[in-house]
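Colleague: just to be clear, the model below is a prediction. Sequence and coordinates:
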Amino acid sequence: MKLHEYEAKKIFLDEKIPVPKGKLAFKPEEVKDFAEELGKPVIVKSQVLVAGRGKAGGIRGADSPGEALEVARQLLSSRLKGFRVEKLLVEEKVDIERELYLSLIIDRSGRKHVFLASGEGGVDIEELAAKSPEKIFRLHVNPFLGVRDFEARKLVKAIGMRGYMSQLVHVIKSFYRVSLKYDCELVESNPLALTTDGRIVAVDARMIIDDNSLFRQLKFKRRIEEERGELTELEAQAIKEGFSYVDLEGSIGVIANGAGLTMASMDLVAFYGGKPANFLDIGGGASSERVKKAVELQLINPRVVGVLINIMAGITRCDEVARGLIEAMKETGIEKPTVIRMVGTREKEGRKILEEAGISYLETMEEAAEKIVKLVGGM
Amino acid sequence: MKLHEYEAKKIFLDEKIPVPKGKLAFKPEEVKDFAEELGKPVIVKSQVLVAGRGKAGGIRGADSPGEALEVARQLLSSRLKGFRVEKLLVEEKVDIERELYLSLIIDRSGRKHVFLASGEGGVDIEELAAKSPEKIFRLHVNPFLGVRDFEARKLVKAIGMRGYMSQLVHVIKSFYRVSLKYDCELVESNPLALTTDGRIVAVDARMIIDDNSLFRQLKFKRRIEEERGELTELEAQAIKEGFSYVDLEGSIGVIANGAGLTMASMDLVAFYGGKPANFLDIGGGASSERVKKAVELQLINPRVVGVLINIMAGITRCDEVARGLIEAMKETGIEKPTVIRMVGTREKEGRKILEEAGISYLETMEEAAEKIVKLVGGM
Amino acid sequence: MAILIDEETKVVVQGITGREGDFHTGLMLQYGTKIMAGVTPGKGGLKVHGVPVYDSIDEALEVNPEINASIIFVPARFASDAVYEAIESNLSPIVLITEHIPILDSIRFINYARLKGLKIVGPNCPGVISPGRCKLGVMPSRVFKRGEVGVVSRSGTLTYEIADSITKAGLGQSTCIGIGGDPVTGLDFIEVVNMFLEDEETKAIVIIGEIGGDMEERLASYLKRHGIEKPMAAYIAGKTAPPGKRMGHAGAIISMGLGGAESKVNALRDAGVEVAQIPSQIPRLLEKQIEK
Amino acid sequence: MAILIDEETKVVVQGITGREGDFHTGLMLQYGTKIMAGVTPGKGGLKVHGVPVYDSIDEALEVNPEINASIIFVPARFASDAVYEAIESNLSPIVLITEHIPILDSIRFINYARLKGLKIVGPNCPGVISPGRCKLGVMPSRVFKRGEVGVVSRSGTLTYEIADSITKAGLGQSTCIGIGGDPVTGLDFIEVVNMFLEDEETKAIVIIGEIGGDMEERLASYLKRHGIEKPMAAYIAGKTAPPGKRMGHAGAIISMGLGGAESKVNALRDAGVEVAQIPSQIPRLLEKQIEK
């Protein structure tokens, strides 16, 4: 789960990583008051869990409290990439001498944490990685010993910041400490700034918590229940039901069991000229009740004009799937072209149920995908 | 440095290791009040940093508040092995079903932490180790991974406490966490009790903090400055001056440079029939000022009737030693038989200084030890 | 021969008394897997499908010193401990079915196992099957048949799907391995492909990849340097997946511009691997190469 | 030959710009030790006694890839980091002079070095000298002379004392090692004695022990099992030390009834080692055995 900037900065502050003076505000007046209190120009930042807030106009400067009030009003009545802005972070404007980049991510191939650092921050790191990979320096972390000072010093020297050694070594070690303490997939500051008065300050802060750790990151577990962030309503609903679900832009709803099979089903829809409306993985061993819920989610989705169900039954049982499908159709009363492919455990029983209900089924996923695309007309 | 029982129990409590309800008291009335508050029998325990408080009469039970008051009065006016009792820990009396032993120490040969556990606690563990070593079970801790549950479970099963698995696994893991957090050389509970109502409670708690860690264990650094515990006055004074110093029971003061050489000097005194009064290691590269301080500590010590100085000079310089010795004699005005043996760096210069002051010196430590014993008459 | 597991594999099931552990122990026994013991702390003394249950692996080993592999069904928050217990008993492979293990834990126990030279399959995986000899996993047995194709995959059901098509084409499998859908796994494609290359029985190799990470690209660049020694075919799932979204598997996410399907398909093709557009093409792509 | 260090030892001094590092670098250079570089973070570019100083070992290795050993004079709170830096550069031996290192840190870096097969001498030690060839330590050079006695000790000045007596007896030393006065050290008596046994130049071995721990007892029981292959003599300091008190060295403490001098002396005698009552007896005990 992604943390808001203000949440990440609170943690940074707790861990003694310097951040600009700031305050979370819900009303324009609070922004104005804080700007007055500071007595200097401020930055007002929309707290919405989408990437590219700056480019989308969600981060604005204000030289006076009056301007801050106006900016806050505008932001709080706006939407950023479809999400309402409800919270603002007001911060002192930091005088920046140089922008750096620092992040701690997981290197899959090295099976370790890795720091990425650059003497050129504030830019899109993906672009920098593509254009000038030599400007990004890496430090892999020994999983048993953590970051050691001599390694951190090497990284600082590599990005040309030898003159600010102890401050930067502190930030690097703190990032790793944060990462262990809060089970992070990402800890990032972009830019991490050198101020004109020689301090290192995390002007931006991002953190992503490993969803699998929420059983022990209880604070965040509560938060994720309140605000899932960056999810569509349908995604939030489906995830609440316990499905793996992702909204896409097409018209054919895709239900399958297993992530790989569901992706392959989406891809087949596209291969035959259709467009998947979503990814809905019912997982292994789903009961008829769960299958029913999954089908309902597709039927009530106005963008879905047809549904593809693809079941390779192992622990899952075909009879449960068939029953769930029929119940969903009955209960919602919504009729949409639906193609089902179903093989494996209790195949015979499942087929019988479908036959009795007058629903046809197919043998292979390719046939099924081709047929649903034909039925909905390749929209 | 050793912690008081009440200090260790405070830490146990913070780390959620169950301890009896208790209170630190400085006055008999406080003990009485707490006994009243509890409304049940209490144990009153002298908080003095010596071993064997129980056998020495420093731990007493009281069935009523009135008895508690009386016991507290007696203890607070007593001395335990020479140390005044100034603080008492009053605790509820725990109903014990079974006494266990658990400690976490450092295994020198394994170069790891090791747990010692026994289903027979409350006894002298040294005795148990000598008499029934098969009743003590060990668990070595992987220094990179810590104690893992499956290992802790094995230890619990070994001491026959499988029925109290989760409570004991928790205590074991907490001991290790405490040990890392507070740089412990020892974490011990003897007895760790199973109560009649099925709880595991640390009825006693001992901790020793690694003196070398005090630069990062700031809380204890302050504490050690206030109370060194279990040290004689002379020891406290010498340690304050930065010497390694230990009081012994004999009459010949021993000064040398280096711990091994100082011990060997003591042993030589004994070998020739004398008794060393102390161990005073001036360390490497001592200035004349420090040598002077060291000699003064010997001269002002009423038990010291003669002094042996044994210097194998490497970084230490013989001229500095000679000068320090002479100044100490001059300033204190105390004359005691003193034998000096001094070889190595600046030997010639040092000898010259001694000769000018009319002090004789010897070539070997054996001669020197033999001579000082002769001079003081082997007391 | 097969890789990782065969007739000599003697298994302990960790978490045998749980719902999944119990259920799949039954199925594995049916398949002929030599399950010697189960472990669930505190449940020592029970039997599950006739298999004796112990409190610890040590106790199981005392009775059955020939145990040399483990399969783990322990819930995520206790799974690390189970893995360490298996590691300290030098079992290999350790097949870790459990999903939702925090990545911090995985990183540590996987590095530790590698340090000790032991193989972890998973986490979040369907397991391993050497058809006709040993099954250490949760896959439906009926789609597999003993044969000469080695299959390695990041996915579960999609693997069964493709194994089924291989079986129906009359080819069969030497060993099928689901390495797991997490970002960090005990084994990676390069390692498993190398095992298949060294295995005499394996005549062809199928790689089933998906979006996220660069394991497929790394395999491709490895193959480009070392050449393609056995017929190979690949399928990559997730061509229509959007960036920034996790597609079911924790590891299936296109992030920071990396991990898209196109890059993987291109890298593999560039290395000379036949890449199927749709899963059902796999058997044909293999046959085409085997005939040559 | 000698053990651990000789003419081929090329040294980096970590903490070279500190008072001790600077002073002993001068003395080691005088002795002929091949000091190629010094390291003090942030002081790169300086020179100490003509030795170039770098910010890191990596930078020193770029210029002098032949560096293969380190001596560390870094203060206790930064010493662990210096040790890890030396370990990651695969230097061996790493001579750790620093005193007062927290034992939690020592436990970890010593285990890590052992895992990597590297040798740490210390912490809290005088270092190593192979007389006439190389000195990696703080011992006064003049008491040592090239010869055939290997000396291993937990102490500093007492070692110089005994080395001096060996020199004066005309025997000389192959290598003298102070393993350090802390409870946990990189090398122990058994390991060093084994190195001496394998070293052809070493004809006799001297062990200087002291109270605390059971390193002497373990050596004794090892020798009892393996026999005494070369003349050996030992001295144990602290016969008059009381229990429960630290005698200068962190490791020199009799605790929980263990670590007293008597047990050590008895164990060694029981294993057939000649134990001196007073230090000056050591040369005679050796001569007696060599003459045989």
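Modeller: Received the coordinates, thanks. From a predicted model like this one, the values you see are computed outputs, not experimental measurements. Residues are numbered from 1 along each chain as shown, chains lettered A, B, ... in the order given.
Colleague: give me the phi and psi for the residue in the stretch 101-250 of chain C positioned nearest to chain B.
Modeller: In the stretch 101-250 of chain C, the residue that lies nearest chain B is C:Tyr112 (6.8 Å; CB to the nearest CB). Every residue, glycine included, has its C-beta placed from N, CA and C. Reported as degrees, to the nearest 10, the phi and psi values for C:Tyr112 are phi -70, psi -40.
Colleague: any idea how far it lies from C:Tyr84?
Modeller: According to CB to CB, to the nearest Å, C:Tyr112 stands 7 Å off from C:Tyr84.
Colleague: mutual contacts of the two, please.
Modeller: Residues touching both C:Tyr112 and C:Tyr84 by CB atoms under 8 Å, 6 or more residues apart in numbering or on different chains: B:Leu145.
Colleague: quick check, pLDDT for A:Tyr176.
Modeller: At A:Tyr176, the pLDDT value in this model is 98.
Colleague: whoops, A:Leu80 was the one
Modeller: Predicted confidence (pLDDT) for A:Leu80: 87.
Colleague: what do you get for A:Glu225?
Modeller: 67.
Colleague: C:Asn111 - nearest residue in space that isn't next to it in sequence?
Modeller: Take C:Asn111 and drop its neighbours on the chain: the residue closest to it by CB to CB, 6 or more residues apart in numbering or on different chains is A:Pro143, 4.8 Å away.
Colleague: what's C:Glu200 in contact with, if anything?
Modeller: C:Glu200 sits in contact with C:Met1, where contact means CB under 8 Å, 6+ apart.
Colleague: using the three-state scheme, assign it.
Modeller: coil (DSSP: H, G, I helix; E, B strand; the rest coil).
Colleague: where's it relative to C:Ile166, distance?
Modeller: The value you get for C:Glu200 to C:Ile166, if CB to CB is used, is 19 Å.
Colleague: now for the residue of the stretch 101-250 of chain C closest to chain B: which residues touch it?
Modeller: A:Phe144, B:Phe144, B:Leu145, C:Tyr84, C:Ile87.
Colleague: repeat for A:Leu354
Modeller: A:Ala322, A:Leu325, A:Ile326, A:Ile340, A:Met342, A:Ser360, A:Tyr361.
Colleague: in PyMOL, select just the buried ones from those residues.
Modeller: To isolate the buried members of those in PyMOL, using 16 or more other CB atoms under 10 Å in any protein chain shown:
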select buried, chain A and resi 322+325+326+340+342+361
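Colleague: filter the contacts of A:Leu354 down to the ones in helices?
Modeller: A:Ala322, A:Leu325, A:Ile326 (DSSP state H).
Colleague: which other residues reach the longest helix anywhere in chain A?
Modeller: Criterion DSSP H: the longest helix present in chain A is helix A:165-181. Here helix A:165-181 makes contact (CB under 8 Å, 6+ apart) with A:11-12, A:15-17, A:102, A:104, A:113, A:115, A:117, A:139, A:141, A:146-147, A:149, A:152-153, A:155-157, A:161, A:184, A:187, A:189, A:192, A:199-200, A:202, A:207, C:104, D:41-42.
Colleague: likewise for stretch C:89-97?
Modeller: Counting by CB under 8 Å, 6+ apart, C:4-5, C:12, C:20, C:24, C:57-58, C:61, C:67-73, C:79, C:83, C:86-87, C:113, C:116-128, C:136-138, C:180, C:186 sit against stretch C:89-97.
Colleague: may I see the buried residues of that stretch?
Modeller: Buried residues in stretch C:89-97 (16+ other CB under 10 Å): C:Ser89, C:Leu91, C:Ser92, C:Pro93, C:Ile94, C:Val95, C:Leu96, C:Ile97.
Colleague: low pLDDT regions in the chain?
Modeller: In the absence of a named chain, this looks at chain A. A:225-230, A:378-379 (pLDDT under 70).
Colleague: wait, chain C
Modeller: C:292.
Colleague: what domains does the record give for it?
Modeller: C:10-121, C:139-291 (automatic domain parsing).
Colleague: pipe the ones you listed into CSV and attach distance to A:Ile43 per row.
Modeller: Below are the domains of chain C laid out as CSV (distance: least, CB to CB, whole Å):
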stretch, distance to A:Ile43
domain C:10-121, 33
domain C:139-291, 25
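Colleague: could you show me where the helices are in chain C, in order?
Modeller: Going by DSSP H, chain C shows helices at C:19-31, C:57-63, C:76-88, C:103-115, C:157-168, C:189-198, C:215-226, C:261-270, C:282-291.
Colleague: and the fifth one, what does it pack against?
Modeller: With contacts defined as 3 or more CB pairs under 8 Å, 6 or more residues apart in numbering or on different chains; DSSP states H and E, helix C:157-168 has these neighbours: helix A:259-271, strand A:306-313, strand C:146-153, strand C:173-178, strand C:204-210, strand C:232-237, helix C:282-291.
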